[in-house]
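**Q** after the sequence you'll find the predicted model.
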Amino acid sequence: MLSAKIIVPLVLIAIIGWFSLFTVDQREFAILFRFQEIQRSDFEPGLHSMIPVVNTVSRFPRRLMYLESEPARFITKEKKFLIVDAFVKWRIEDVETFFKRTRGDEAFTRDLLFQQINDSLRQEFSKRTVKEAVAETRGDVTDIVTKAAREKGHELGVKVVDVRTKRINLPDDVSSAVYDRMRAERARVAGQLRSEGAEAAERIRAAADRDRTVILADAYREAEQTRGEGDAKSAETYAGGYGRNEEFYSFYRSLNAYKKSFGKNQDILLLDPTSDFFNYFKTPANQ
């Protein structure tokens, strides 16, 4: 068995060796300190050594980080308030500068970044109307704010990847007033459209009635003209026939009169038998 004189030094050596080594993951930065002063910060992923007690190591993430701001009020060119939620995506770029400027505090970094972002948003919204800020130049605003945030981030040793506004809302009291105006405007437009539609319907109906009257009048005129031409032709034909054979024409007219007079059942005529109506029922004069 090993004696205590050998085991104790071996244990001490193992402990010292254990505390003399540290690893750096590929997903993190590491800073080596000597009595609270930065000695080195350019470690590659892997196993590294240090002097226990004299040196200490702090680690910081390499990953992309997401920070979201609290809703803030900004005033527009029209002196109207907007409530804006913004977020920023960033990562540590220079870990030594990051530690010197922020002491490695992510919350402090967040406050500094959003102070710059809010200052930029306040300045840009003050130059724009609500419509411009919300719709027309919203992309321009975020581009300007992102550029300013990147400059601030460079000072802090971080890289600002993106800045975006999540929501741009009006305060509740202003929103209610805006919605009321929108409803009133839509109701006014709807009433105007209904009035214009009714007016157009009346014009169309009047035009249709006028066209109908004109068409019926033209048709009646043409019908009367055709009827008159037919009657004239008929009279001309009768006159021609009467001129050729007056006796036959009288006989033919009498036959038509008989046909019309006795063509219905239960008809009764009270006539003098010696009247001219029964002239052709008598014995012909030439017999």
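**A** Ah, there it is. On a predicted model such as this, the values are computed, not experimentally measured, just so you know. Numbering: from 1, shown residues only.

**Q** now the strands for the stretch 151-287 of the chain?
**A** For the stretch 151-287 of the chain, the strands defined by DSSP state E, counting those that start in this stretch cover 158-169.

**Q** doesn't residue 149 make contact with residue 120?
**A** Yes: shown here, residue 120 and residue 149 form a contact pair, counting by CB atoms under 8 Å, at 7.1 Å. Where C-beta positions appear, they are placed from N, C-alpha and C, glycine not excepted.

**Q** for this structure, what are the low-confidence residue spans?
**A** Scanning the chain with the threshold set as pLDDT under 70 gives 1-19, 135-138, 171-180, 241-249, 255, 257-287.

**Q** show me where it has helices.
**A** In the chain, the helices defined using DSSP state H lie at 4-19, 95-102, 106-125, 130-131, 138-156, 172-244, 246-261.

**Q** to residue 32, which of those helices lies closest?
**A** Residue 32 lies closest, by CB to CB, to one member of the helices of the chain: helix 95-102, at 10.7 Å.

**Q** which strands and helices sit next to that closest one?
**A** Helices and strands touching helix 95-102, by 3 or more CB pairs under 8 Å, 6 or more residues apart in numbering; DSSP states H and E, are strand 28-34, strand 37-40, strand 55-61, helix 106-125, helix 138-156.

**Q** tell me the buried residues in it?
**A** 95, 97, 98, 99, 101, 102 (16 or more other CB atoms under 10 Å).

**Q** between the residues you listed, which is closest to residue 199?
**A** For the buried residues of helix 95-102, the nearest to residue 199 is residue 102 (70.3 Å; CB to CB).

**Q** ok, now how distant is the closest one from residue 44?
**A** Remark: distance between residue 102 and residue 44 (CB to CB, to the nearest Å) = 24 Å.

**Q** now do residue 81
**A** Between residue 81 and residue 44 the computed distance is 51 Å (CB to CB).
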